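>>> Got a predicted structure here, sequence first:
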Amino acid sequence: MDLLTPLSLAAVAWLAAVVARRALGIPVGWPRTIVVGFFVTSAIGSAVTSFSEFAGIVADGRIMVSMPAAYLVLSLVIAWLFVLGLTALVVLEVVVPTGTLPSPLDLLKGWKARRRRTRRYAQIMKIAVRHGLGGYLRGRRRTDPYQGAAKLARSLKAALNEGGVTFVKLGQMLSTRRDLIPGQFADQLATLQTSADPEPWPEIEAAIRAALGRPVAEVFASVDPEPMAAASVAQVHAARLLDGREVVLKVQRPRARAQVASDMEIILRLSRRLERSTPWGRSLRVFTLAKGFAASLDEELDYTVERDNLRSVAATLDGGIAVPEVVDEHSSGTLLVMTRLRGTPVGAAAPVLAALGRERRAQIAHQLLSEVLRQQVRTGVFHADLHPGNVLVDEDGGLGLLDFGSVGRLDDSTRRALGMLLLAVDRDDAIAATDALIELLDRPRGLAERDLERQIGQLMVRYRTGTGRGGSSGMFGSLLRVVHDNGFAVPPQIAAAFRALAALDGTLALISPDVDMVGAAREQGRALMREAAEPGKVRADLEERLAGYLPILQRLPRRINHVVEDLEQGRLSFNVRPLADDGDRRFLTGLVQQIVIAVLAGSATLGAIMLITADIGPMITPNIRLLAVAGGALLLIGFILALRSLALIFNPRSD
């Protein structure tokens, strides 16, 4: 008997959970439903006893009313107890929706990871508070975050730098989004560096051996234990293959991926919280930015992606700029083996550049800029992170590119719109430039096209002749501010193109202060116009378009004849299906359902109040009338309908 009672209690609790899920009409979690059902079932006995004594059903251990009356009243008591359980479930769903907490099994499996994440989260919060950013994370700052921007930008830079590799890379990404953040923030974040102390050689050697799947000596004749460069994610070592070729090894640090994965989870949580709780977080759509950053960083940690990026860029180069070659048989997702390029990174090449002379420096700067613009406009594949550490220059002025973890890709329509923008800049045509910009970006709601046209026209007049680096970079920066001020949403691929130009700007300044980005853009616009106006190109383009339209043209006479006949004979009609979309039908159905439930709940409640307060009708217990029992049952129905309506409102997943 002792065993039968718990089993019976569990069975009744499970049955109550099933009925509760069906009554509410939403996917309430099973654990909480069964727990509430268990408590409701456990409380039935004491509730029935207490109410029986209060209503006069039982006195001195004897039943004072007829059995049907007793069963009727006590069944209503049990039903109301069940409704109280439903109320608890609805409150739980509003406060802590199903799925927001890990399951008990997940709690047991991942407690170590959660403890580690909690410690890291606390560490990041301490860093933010130490640098005066705690109020912005909590959403309690009432002032605009752009007030006192210079000081706040310095604090943000210091906090991200102290946060580690993932946060440094986040800051670097944000520094290129001048369409989203003020220039003072972008300038500060652009100075973030990912350099780090080198990993001990034994650990790097073990990582190389694990990536190769065999001893290092079976592949390389020698590997320099001293790194050529050490970043937070990877180290670069010089080496020589057994066949004598000089190569470089880009080795991912052993714990880099785990650290980035842990930090990215925290960044996504913080960004979701900021977007939900702060006005500036919603305006910048920080959660969307964080998801895009997570995707790009995940690709950056996969060196097979970088290998494919390197080959894609190499295939589009027009000569004169060198890139490494990948040694496929020894490369993997955590190890990249590439032929070694001779040269010095631009950031450390001041003596080399000084020896080249002013004219040669201007020539190679123009070569680099023209190549990037040509790739963006004509091939669609370009290096998106040409900061001074990723561009090599040798003693003869030859250029080389490194680090292909970030590569942009533009589709045909985007390249065409970008090319049309450059053509409009070359012709000083503000109207065409406005149309190209609208085509290039996602049109915002309520766009004032005439105001946008005037702003772009003013930019063209201001930078018409080009004024060296200051003027050229100023034009692109001003264009980004115009884009942001008019509410444009910049697609990721366009953001990559802007990021490439922003990163390239600092590199060009070190190579030659005289390079003119506006002049190079005009030159690419003219080249594109000449290419588009070639007779052979025009003819081939027309032939391709006509070939696509040929089936339509062949059927067009017959279709026109059908329309004319229907029009003559009065058979021409138009069908409009306003609810053809499934989403529209679901929305309307859900709205009608909620309205009907709310009306029924209100009607049942009003009717119940009238029955309960009526002072007529037979008494079925010494203290309760029959109409009061009927009113209690009707109120029960109204209460369940109201709970179902609330559950549907606060739980959009039920749509």
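Okay, I see it. Numbering: from 1, shown residues only.

>>> Which helix or which strand is home to the residue lying closest to residue 492 once chain neighbours are set aside?
Closest residue in space to residue 492, ignoring its immediate chain neighbours: residue 292 at 5.7 Å, by C-beta to C-beta, 6 or more residues apart in numbering. Using the backbone N, CA and C atoms, a C-beta is placed for each residue, glycine as well. Assigned by DSSP states H and E, residue 292 falls within helix 286-300.

>>> any idea of the mean pLDDT in the next helix or strand after that helix?
Downstream of helix 286-300, the first helix or strand assigned by DSSP H and E is helix 303-316. Mean per-residue pLDDT for helix 303-316: 88.

>>> The stretch 401-550 of the chain: helices as residue ranges?
412-427, 430-440, 449-462, 468-485, 492-511, 517-533, 535-568 (DSSP state H, counting those that start in this stretch).

>>> Report the buried residues of whichever helix or strand comes after the last one.
Right, the one you point to is helix 535-568. Proceeding N to C from helix 535-568, the next assigned helix or strand is helix 582-613, under DSSP H and E. Neighbour counts over helix 582-613 (16 or more other C-beta atoms under 10 Å) mark 597, 598, 600, 601, 604, 605, 607, 608, 611, 612 as buried.

>>> one step back: now the helix holding residue 292 against helix 303-316, angle please.
80 degrees (axes from the mean of the first three to the mean of the last three C-alpha atoms, to 10 degrees).

>>> Quick one: list the elements packing against helix 286-300.
Contacts defined by 3 or more C-beta pairs under 8 Å, 6 or more residues apart in numbering; DSSP states H and E place helix 286-300 against helix 165-175, helix 256-277.

>>> Tabulate these (JSON lines), appending distance to residue 552 and mean pLDDT.
Formatted as JSON lines, the helices and strands packed on helix 286-300 follow (distance: least, C-beta to C-beta, whole Å; pLDDT from 0 to 100):
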{"stretch": "helix 165-175", "distance to residue 552": "45", "mean pLDDT": "77"}
{"stretch": "helix 256-277", "distance to residue 552": "46", "mean pLDDT": "80"}
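
>>> Return the most buried member of those helices.
For the helices and strands packed on helix 286-300, average neighbour numbers computed from mean count of other C-beta atoms under 10 Å are highest in helix 165-175, which has a mean of 21.

>>> Which strands and helices lie in contact with whichever helix or strand comes after that one?
Moving toward the C-terminus from helix 165-175, the next helix or strand (DSSP H and E) is helix 183-189. With contacts taken as 3+ C-beta pairs under 8 Å, 6+ apart, helix 183-189 sits against helix 149-163, helix 165-175.

>>> So for the helix holding residue 292, what gets flagged as buried?
286, 287, 289, 290, 291, 293, 294, 296, 297, 299, 300.

>>> now do stretch 233-249
233, 234, 235, 236, 237, 239, 241, 247, 248, 249.

>>> Next: stretch 221-234.
223, 227, 229, 230, 231, 232, 233, 234.

>>> Chain neighbours aside, what residue packs nearest to the third one?
With C-beta to C-beta, 6+ apart as the criterion, residue 229 has its nearest non-adjacent residue at 4.5 Å, and that residue is residue 236.

>>> Could you do the second one as well?
Closest residue to residue 227 apart from its sequence neighbours, by C-beta to C-beta, 6+ apart: residue 235 at 4.4 Å.

>>> Strand partners (parallel or antiparallel) of the helix or strand where that neighbour lies?
Using DSSP H and E, residue 235 maps to strand 234-241. According to DSSP bridges, strand 234-241 forms sheet pairs with strand 220-223 (antiparallel), strand 229-230 (antiparallel), strand 246-252 (antiparallel).

>>> Now tell me what touches that strand from outside.
Strand 234-241 is contacted from outside by 198-199, 204, 219-230, 246-253, 256, 327, 330, 337, 340, using C-beta atoms under 8 Å, 6 or more residues apart in numbering.

>>> chain center to that strand: distance?
34 Å (C-alpha atoms, centre = their mean, to the nearest Å).

>>> Kindly report the same for stretch 636-644.
With C-alpha atoms, centre = their mean as the basis, stretch 636-644 stands 39 Å off its chain's centre.

>>> quick one: contacts of that stretch?
So stretch 636-644 is contacted by 23-25, 76, 79-80, 83, 86-87, 90, 597-598, 600-605, 607-608 (C-beta under 8 Å, 6+ apart).

>>> so which helix or strand takes in residue 78?
helix 67-95.

>>> Which neighbouring elements make contact with that helix?
Helix 67-95 is packed against helix 4-24, helix 30-55, helix 626-650, with contacts defined by 3+ C-beta pairs under 8 Å, 6+ apart.

>>> so what pLDDT did residue 572 get?
75.

>>> Can you give me the separation between it and residue 559?
From residue 572 across to residue 559, the span is 13 Å (C-beta to C-beta, to the nearest Å).

>>> pLDDT (mean, whole number) over stretch 209-223?
On average, the pLDDT along stretch 209-223 is 91.

>>> Numbering from 37 from now on, please.
All set: I'll call the first residue 37, so the last point we hit is now stretch 245-259.

>>> Could you report the neighbour count for the closest residue to residue 475 other than its chain neighbours?
In this structure, residue 475 finds its nearest non-sequential neighbour in residue 453, 4.3 Å apart by C-beta to C-beta, 6+ apart. By other C-beta atoms under 10 Å, the residues close to residue 453 number 18.

>>> I'd guessed residue 453 sits against residue 476; true?
Yes: Residue 453 is within contact range of residue 476, at 4.1 Å (criterion: C-beta atoms under 8 Å).

>>> Which neighbours do the two have in common?
Shared contacts of residue 453 and residue 476, defined by C-beta under 8 Å, 6+ apart, are absent.

>>> returning to that earlier point: closest to residue 470 out of the buried residues of stretch 269-285?
Of all those, residue 470 sits closest to residue 269, with 41.5 Å by C-beta to C-beta.

>>> residue contacts, the closest one?
Shown in contact with residue 269 (C-beta under 8 Å, 6+ apart): 201, 230, 288, 289, 292, 296, 336, 337.

>>> Please dump those residues into JSON lines; it should also carry distance to residue 160 for every row.
Putting these into JSON lines (distance: C-beta to C-beta, whole Å) gives the following:
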{"residue": "201", "distance to residue 160": "13"}
{"residue": "230", "distance to residue 160": "18"}
{"residue": "288", "distance to residue 160": "23"}
{"residue": "289", "distance to residue 160": "20"}
{"residue": "292", "distance to residue 160": "18"}
{"residue": "296", "distance to residue 160": "14"}
{"residue": "336", "distance to residue 160": "21"}
{"residue": "337", "distance to residue 160": "20"}
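
>>> List of residues touching the helix holding residue 328?
Residues outside helix 322-336 that contact it (C-beta under 8 Å, 6+ apart): 202, 205-206, 209-210, 213, 216, 269, 296, 300, 303-304, 306-308, 310-311, 317, 341-342, 441-442, 528.

>>> same check, this time on stretch 221-241
185, 188-190, 192-193, 196-197, 201, 204-205, 207-208, 210-214, 217, 252, 259, 261-263, 265-269, 271, 273, 287, 289-290, 538, 542.

>>> so how far is it off the chain centroid?
Relative to the centre of its chain, stretch 221-241 is centred 25 Å away, using C-alpha atoms, centre = their mean.

>>> ok, residue 418 to residue 352 distance?
Counting by C-beta to C-beta - residue 418 and residue 352 are separated by 8 Å.

>>> of those two, who's got more company?
residue 418 (25 against 15).

>>> For that one, which three-state class applies?
Classification of residue 418 using DSSP: H, G, I helix; E, B strand; the rest coil returns strand.
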